[in-house]
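> Pasting the sequence and the predicted coordinates here, then a few questions.
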Amino acid sequence: DTGVSQDPRHKITKRGQNVTFRCDPISEHNRLYWYRQTLGQGPEFLTYFQNEAQLEKSRLLSDRFSAERPKGSFSTLEIQRTEQGDSAMYLCASSFGGNYNEQFFGPGTRLTVL
Amino acid sequence: SQQGEEDPQALSIQEGENATMNCSYKTSINNLQWYRQNSGRGLVHLILIRSNEREKHSGRLRVTLDTSKKSSSLLITASRAADTASYFCATVFSGNTGKLIFGQGTTLQVKP
């Protein structure tokens, strides 16, 4: 399967714990985006990378959130000191080329913070 | 905050009927994209329509774009039970980084 993959698919954690999610984009895609989706809402942009450079971060991305794409391939999203409000689906998408091409989404990581 | 508003929020039809969903947005866009999401899953890209295009087709899907009214519609013809899903429009602003700004979605139920 050459689509976008995300791991884990589900994560249950206790408030205050740290969690890390991984996204593997389609191999030739230079752009990688992270979105968050809460129940009944559309996804909201968090951050994006062009190759290994993180070029934009939403104000939704508090100091507890950090994302990396060290070699311009896979990316990780870490949430420190999780809160119940962090419970959501975290979606990763990748695209090739410039600003205006379609994005291909992974299956998402569903986070539940107890 | 999300840019788009979708109408209706929920739609229930019989198999074989057509389904129309509408999306409105607030600012100038480079393109508008429609996605489908089955319950609890990732998004599947359906169609991308650019600001200089007025209509696009893909199989049973027809998308229109009216930039003067800042609105778009998605028509699914001859619906099937497998079309049951949430449908989202997403816009890309002119001059931005390519990030998608999603509406709240329309939940479509197609009854067999």
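Yep, that arrived.

> Which secondary structure element is home to residue B:53?
Residue B:53 belongs to no helix or strand when assigned by DSSP states H and E.

> OK, contacts around it?
Counting by C-beta atoms under 8 Å, 6 or more residues apart in numbering or on different chains, residue B:53 makes contact with residue B:65. Bear in mind the C-beta positions are built from the backbone N, C-alpha and C, glycine included.

> OK, contacts around the closest residue to residue A:107 other than its chain neighbours?
With C-beta to C-beta, 6 or more residues apart in numbering or on different chains as the criterion, residue A:107 has its nearest non-adjacent residue at 4.3 Å, and that residue is residue B:42. Contact analysis of residue B:42 by C-beta under 8 Å, 6+ apart lists A:4, A:91, A:105-108.

> And residue B:42, what's its pLDDT?
Residue B:42 carries a pLDDT value of 85.

> Around chain A, which positions in chain B sit nearby?
B:2, B:4, B:30-31, B:33, B:35, B:40-45, B:48, B:50, B:88, B:90, B:92, B:96-105 (C-beta under 8 Å from any C-beta of the partner chain).

> Filter the residues you listed down to the buried ones.
Buried residues within these, counting neighbours by 16 or more other C-beta atoms under 10 Å in any protein chain shown: B:2, B:4, B:30-31, B:33, B:35, B:42-43, B:45, B:48, B:88, B:90, B:92, B:96, B:98-105.

> Just the ones of the contacts of residue B:42 in strands?
Members of the contacts of residue B:42 lying in strands (criterion: DSSP state E): A:91, A:105.

> I'd like the contacts of residue B:42 as TSV, with neighbour count and pLDDT appended.
Below are those laid out as TSV (neighbours: other C-beta atoms under 10 Å in any protein chain shown; pLDDT from 0 to 100):
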residue	neighbour count	pLDDT
A:4	22	96
A:91	25	97
A:105	23	95
A:106	23	95
A:107	18	95
A:108	26	96
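
> possible to save the contacts of residue B:42 as CSV with distance to residue B:60?
What follows is the contacts of residue B:42, written out as CSV (distance: C-beta to C-beta, whole Å):
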residue, distance to residue B:60
A:4, 25
A:91, 26
A:105, 21
A:106, 26
A:107, 24
A:108, 26
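
> can you map out the strands along the chain?
Unless you meant another one, I'm taking chain A. Under DSSP E, chain A gives strands at A:5-7, A:10-13, A:19-24, A:31-37, A:44-50, A:53-57, A:65-68, A:75-79, A:88-95, A:104-105, A:109-113.

> you looked at the wrong chain, it should be chain B
Using DSSP E, the strands of chain B run over B:5-7, B:10-14, B:19-24, B:29-37, B:43-50, B:55-58, B:61-66, B:71-76, B:85-93, B:101-102, B:106-111.
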